[in-house]
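# pasting the sequence and the predicted coordinates here, then a few questions.
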Amino acid sequence: MTALRPDLAEKVNGTVRYGADLEAPGMLWGALVPAPVAHGRIRTVDLAPARALSGVVAIGAADLSKLVGGREGDALRPAFPHETIEYLHQPIAAVAAPTLALARAAARAVRVVVDPLPVVSDLESLFPAWPPPEASRSPAVAAHVHARRGDVEEAFRRAETVVRELYRTASVHQVALEPHACLAEVSGERWHVRTSTQSPFGVREDVASVLGIPESSIVVDGTWVGGGFGGKGSSFLEPWALLLSRASGRPVRLALTYREEFLLGRTTLPSVVRMETAVAGGRITARRVRLLLDVGTSLPGRDFATGYSIGFLLGPYRSPVFEVEGYAVRTNKPPFGPHRAPFAPQCAFVVESHLESVARAAGLDPVAFKADHLWRTGDSTPFGQTVADFGLPAALAAARTLADEWRRASVPGRGVGVAVGFWSTSTGAGGEAHLVLAPSGLRILQGEREIGSGSVLVGLAAVAERRSGIPRSRIRVEYADTSRAPYDAGVFGSRTVGALGRAVDEALVSLLGSLRARIGADGPISLAEEGEEIVVRAGERRWPLSELLTPAERAAGGIHAGGKHYGRAGTLDERVVVDGAFYPYTDFTGAAHVAEVAVDPATGAIRVVRYAAFHDVGTVIDAPSARAQVEGGVVMGLGTALTEEAIWSEDGRLLNAGLVDYRIPTLGEAPPIDVTFVEGYPGAGPFGAKGLGEPPIIPVPAAVASAVRAAVGAHATELPLTPERIARALKRPEP
Amino acid sequence: MADFELVAPATPEEAIASLRTGPPGAVAVLGGGTDLLFDLEEGRSAPERVVSLRRLPWRTLEWNGNALTIGSTLPLRTLENDPLLRARIPGLHSAVRAVGSVALRQRATLGGNLGRSAPASDLVPMLLALDAEVLLLGPAGERRLTVDGFVQGSRRTALGPAELIRAVRIPEARPSAYHWQRVRPFHDISHMAVAVAFSPSARAWRVAVAGFPPRPLRVPEAEAALGSARPDADAVHRAAEEIARRAPIVADHRASEEYRRQLVRPLLERAVDATVRGGR
């Protein structure tokens, strides 16, 4: 073990302070006042009964402008609604009190009078059939996207085989062990908040926008993060906590209960997808994809999910003639929010299952059919983007070989499935790092907290070790708040090593260049540990680093160097766009997974017997962390595949707001997982690394579904694949 | 969660006294707390006094020949680890292991499971199939009820106002089996379960089903249909039909009625088969 994680001891012995552990002298406890209906017009939010309680501070929509000094915050998304309640438990006011019990009592004391309005909780009740064109102007639609290329109708007319299917996917929660929590302290014009977040700078930007105060007045200090999975990527509780602190003049702690995590959480919501594919001569000649995505109360014009996700429904396949159309449908639920590889596992389930149906209908082997159509390096995507250095075909080839081996050893009642998924990592989002090289070692100063994956504390150090030769024991990754750290976009989008890692690498390259000039070396140089000191090596010669520092550098603690990574956003072929905003992908990566399952034909129960994952990673930066990312992603994906499903009633109540009936996988269901990395197809990250945070979850539901079909001929078209759904599918078995 | 007074009496007499002197309707009994805590956290229950049984001398397990008496505060994990249980009453061993997770069973108790009497209890159906009795202790002394008489409905029992469950007595070890279906195999709530036992003394079957309201129940018609010690496939089929006919199976957000009904036959077949083969 070369890379014991530097955060391991603290986390194992329990001394780590997470967001929910924060306290400060004189602190008040915050609580949110939940909306009593899922949709309604506010007549009264009377805070007087709460304010009558001793020591209680209460704030509502009427107080917003005064609290932020008369500035204009986000008019479309104010901290509290002025007129309309949009989802059940939506915070409509907030209170703070010297004890948590009193804060909760005060929240209950607030008198709320609303006129209920009709609730839309299910997108299919709104659009039971495919919406008519005028639906794009409906207030129930947050976004409409439409793109096409070629003569789709003609291709469908001339097809030898046409397959049309309808799929449904469920809402899944991030279920980070640590709930959202923060501690706000406002003094004068300094708005300071400590918070558990995947993106301190992102929170700063959001808070500025919601409250209408300048970013320069806001300091965001990230705490240790007990899991994010996308749920802690933007601001959430911080504006409320800051407003409470402003109103009370005291530090205010605000944390969600686990039930509130479910009730208020912004996450992936349900979808209905219609898939149509035309085949002639064994080739796909046309595709049509139509998506209804529930985006909850996401704002019109601010839905990113639909225009981004819909491309994943075409899969990583050559599709010269295609049409995609999607509606982001507004329902009375919290806004849509990211969940590890937002909506991509669901898309992969749909497209992989559908193409398997297409191949079967055309009398072709599904895996061979997919391999034939898979993008190759240099191909163009349907949206006209070039796929560079794509390792997915090699990953699929390796997966096929293993799947064949497993099939030969399989027994009746069991089946082996193969599925792929692709991903676009957010390496376009920028970041900076500041390095200090001293004789005692290297410090990497940056603005991200470790969220548990190891990408910050291990990933950045591993990049530095590989570039410089300095052993990891002499590299320290240091965190600072947004007032002191260089900017970084956030620990999301599988970008930490690929983007922030590049900033670290660039700074090191400049440091090495400076050292090379100092020793007058022509060839490559490297750094190493000798005794208690870092030395510079060039060929056979060596210089103690201490002798190469200028007096000014000695006084400054070492040689300083900055690195920046501001990736270019991709572009897409606008000629295919008919309506709406599509978003280009960056840095294509992918994975092929193999699942073997045992299915009980009498009950429909699925047991995943073993699992293998082949990942296009460009270059492995730290093998143990990379392997752990894949194993964790696969197990999380098994939840999406088999058990996880948030269920809403018609009146907009979440029926399973807790871990009893919202079922994440337990260790008991985790199968043995083989992980193989496909290297040699470099990405944009340092040493050609590609992101690995999200790809591991993407193919999982599809691979499991494929294995279930192979085992018992049950083709389930709805996630998750619960025993009951499989039992139902078994009543109409596939040939 | 509202504030409450927590008391932990050391003797049964003190425990009963603290139940009697508490504000009426505002006393809750705490066994392992694994079910009560949900009610407290979500405000469904707001007792003024919580009486913890952890100091009572009831963490006992006693084999008396073929009979087994289990103290009500014995953690389920201890019961599950009893070296004789699995061999002698395999159905009860399976039912105990079906409750929650290992960590949860370290705290959860048999008395708590019975006293809270949830419709989806994994233990009550097995206790029904074992003709188990509940030993109650109250201000008027001890009394004894069958589990069938004790469990009255969804979260309703025959427990008197100041009574406690002292122990559960299983009159004889029986070949037995417990089979369930859930969404997630571990740490989940069974939405259909079948408990089966064969009484060597009465030469008769016992069949109980659970997973839907109001309560787990025995189905005597199914027991009669099974008949002999080695029922054939037809007999098992007829027994399954009796269950489907007589059990008030309904839908909820965990499973549809149709699916629950579909599960009766395979679960019963497997449980009977396992019992005939010696149980598991």
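Perfect, I can see it now.

# what stretches of chain B score poorly on pLDDT?
For chain B, the stretches with pLDDT under 70 are B:279-280.

# do that again at 90, thanks
Low-confidence segments of chain B (pLDDT under 90): B:1-3, B:21-25, B:38-46, B:161, B:228, B:253, B:278-280.

# need the contact list for the residue positioned nearest the centre of chain A.
For chain A, the residue sitting closest to the mean C-alpha position, by C-alpha atoms, centre = their mean, is A:Arg340 at 3.3 Å. Residues near A:Arg340 by C-beta atoms under 8 Å, 6 or more residues apart in numbering or on different chains: A:174, A:229-230, A:633, A:636, A:693-694, A:697. All C-beta spots, glycine's among them, are computed from the backbone N, C-alpha and C.

# tell me the phi and psi of it?
The phi/psi pair for A:Arg340 (degrees, to the nearest 10) reads phi 0, psi 110.

# ok, back up a step: closest to A:Glu205 out of the contacts of A:Arg340?
Taking C-beta to C-beta as the measure, A:Glu205 lies nearest A:Gly230 of the contacts of A:Arg340, at 17.1 Å.

# of the contacts of A:Arg340, closest to chain B?
Comparing those against chain B with C-beta to the nearest C-beta places A:Met636 closest, at 14.3 Å.

# part of a helix, is that closest one?
Yes. Membership of A:Met636 in a helix is supported by DSSP: H, G, I helix; E, B strand; the rest coil.

# before we move on, the earlier item: among the contacts of A:Arg340, which are in helices?
A:633, A:636 (DSSP state H).

# reformat the contacts of A:Arg340 as TSV; add pLDDT.
Converted to TSV, these look like this (pLDDT from 0 to 100):
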residue	pLDDT
A:Gln174	97
A:Phe229	96
A:Gly230	95
A:Gly633	98
A:Met636	98
A:Gly693	96
A:Glu694	97
A:Ile697	98
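
# near chain B, from the contacts of A:Arg340?
Among the contacts of A:Arg340, not one lies near chain B by C-beta under 8 Å from any C-beta of the partner chain.

# okay if I get the contacts of A:Arg340 as CSV plus distance to A:Gly188 and neighbour count?
Below are the contacts of A:Arg340 laid out as CSV (distance: C-beta to C-beta, whole Å; neighbours: other C-beta atoms under 10 Å in any protein chain shown):
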residue, distance to A:Gly188, neighbour count
A:Gln174, 36, 21
A:Phe229, 36, 26
A:Gly230, 34, 22
A:Gly633, 45, 27
A:Met636, 43, 24
A:Gly693, 39, 29
A:Glu694, 41, 28
A:Ile697, 44, 30
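
# in strands, which of the contacts of A:Arg340 fall?
Among the contacts of A:Arg340, DSSP state E puts none in strands.

# what's the closest of the contacts of A:Arg340 to A:Thr386?
Closest approach to A:Thr386 among the contacts of A:Arg340 (C-beta to C-beta): A:Glu694, at 21.5 Å.

# pretty sure B:Arg143 sits against B:Glu133.
No. Contact criterion C-beta atoms under 8 Å: B:Arg143 and B:Glu133 do not qualify, at 10.3 Å.

# how about the strands in the stretch 101-250 of chain A?
A:111-116, A:141-149, A:161-169, A:181-187, A:190-195, A:218-222 (DSSP state E, counting those that start in this stretch).

# same check on chain B?
Under DSSP E, chain B gives strands at B:5-7, B:27-30, B:49-52, B:61-64, B:67-71, B:133-138, B:141-146, B:151-153, B:156-157, B:164-170, B:176-181, B:192-199, B:204-210, B:217-218.

# B:Val96: which of the ones you listed is closest?
When the strands of chain B are compared (using C-beta to C-beta), the closest one is strand B:176-181, at 8.9 Å.

# beta partners for the residue lying closest to A:Ala556 once chain neighbours are set aside?
Sequence neighbours aside, A:Val436 is the residue nearest to A:Ala556 in space, at 7.9 Å (criterion: C-beta to C-beta, 6 or more residues apart in numbering or on different chains). Bridge pairing for A:Val436 (DSSP bridges) gives the partners A:Arg443, A:His560.

# how many residues are close by the residue in the stretch 101-250 of chain B positioned nearest to chain A?
Closest residue of the stretch 101-250 of chain B to chain A, C-beta to the nearest C-beta: B:Phe186 (3.7 Å). By other C-beta atoms under 10 Å in any protein chain shown, the residues close to B:Phe186 number 16.

# how near is it to A:Arg408?
For B:Phe186, the distance to A:Arg408 (C-beta to C-beta, to the nearest Å) stands at 31 Å.

# for whichever residue of the stretch 401-550 of chain A sits closest to chain B, give me the pLDDT.
Ranked by C-beta to the nearest C-beta, the top residue of the stretch 401-550 of chain A for proximity to chain B is A:Gly413, at 13.6 Å. pLDDT for A:Gly413: 94.

# ditto for A:Arg575
Value for A:Arg575, per-residue pLDDT: 96.

# give me phi/psi at it?
For A:Arg575, the backbone dihedrals (degrees, to the nearest 10) come out as phi -70, psi -20.

# for the closest residue in space to the residue of the stretch 401-550 of chain A closest to chain B that isn't next to it in sequence, which residues are in contact?
Nearest non-adjacent residue to A:Gly413, counting by C-beta to C-beta, 6+ apart: A:Ala598, 5.8 Å away. The contact partners of A:Ala598, by C-beta under 8 Å, 6+ apart, come to A:413-414, A:606-607, A:609, A:711.

# confirm A:Ala598 sits in a strand?
Yes. A:Ala598: assigned to a strand according to three-state DSSP.

# who's it bridged to?
Per DSSP bridges, the residues bridged to A:Ala598 are A:Arg414, A:Arg607.

# before we move on, the earlier item: mind putting the contacts of A:Arg340 into a markdown table with distance to B:His191?
As requested, the contacts of A:Arg340 are exported to a markdown table (distance: C-beta to C-beta, whole Å):
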| residue | distance to B:His191 |
| --- | --- |
| A:Gln174 | 26 |
| A:Phe229 | 28 |
| A:Gly230 | 31 |
| A:Gly633 | 29 |
| A:Met636 | 24 |
| A:Gly693 | 35 |
| A:Glu694 | 33 |
| A:Ile697 | 27 |
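
# right, and out of the contacts of A:Arg340, which lies closest to B:Val196?
Nearest member of the contacts of A:Arg340 to B:Val196, counting by C-beta to C-beta, is A:Met636, at 37.2 Å.

# is it correct that the closest one is in contact with A:Gly230?
No. Look at A:Met636 against A:Gly230 with C-beta under 8 Å: they stay out of range, at 11.0 Å.

# how about the contacts made by B:Gln106?
B:75, B:77.

# domain assignment for chain A?
Using automatic domain parsing, the domains assigned to chain A come out as A:8-118+A:180-255, A:347-426+A:585-730, A:431-565.

# distance between the ends of the longest one?
Between the start and the finish of domain A:347-426+A:585-730 there is a gap of 23 Å, counting by C-alpha to C-alpha, to the nearest Å.

# distance of the closest residue in space to A:Phe492 that isn't next to it in sequence relative to chain B?
Spatial nearest neighbour of A:Phe492, chain neighbours left out: A:Gly233 (4.7 Å); criterion: C-beta to C-beta, 6+ apart. Going from A:Gly233 to chain B by C-beta to the nearest C-beta, to the nearest Å gives 28 Å.

# can you point out the helix or strand that includes A:Ala461?
helix A:460-468 (DSSP states H and E).

# so after that helix, what's the next helix or strand?
Following helix A:460-468 in sequence order, the next helix or strand is strand A:475-479 (DSSP H and E).

# before we move on, back to that, which one's more surrounded, B:Arg143 and B:Glu133?
Taking B:Arg143 and B:Glu133 together and counting by other C-beta under 10 Å, B:Glu133 has the greater number of neighbours (20 against 13).

# quickly list what the more buried one is bridged to.
With DSSP bridges as the rule, B:Glu133 is bridged to B:Thr146, B:Arg169.

# same deal with A:Ala96?
A:Gly30, A:Val57.

# ditto for A:Leu527
A:Val536.

# how about it, what does it touch?
Contact analysis of A:Leu527 by C-beta under 8 Å, 6+ apart lists A:468-470, A:512, A:515, A:534-537, A:545.
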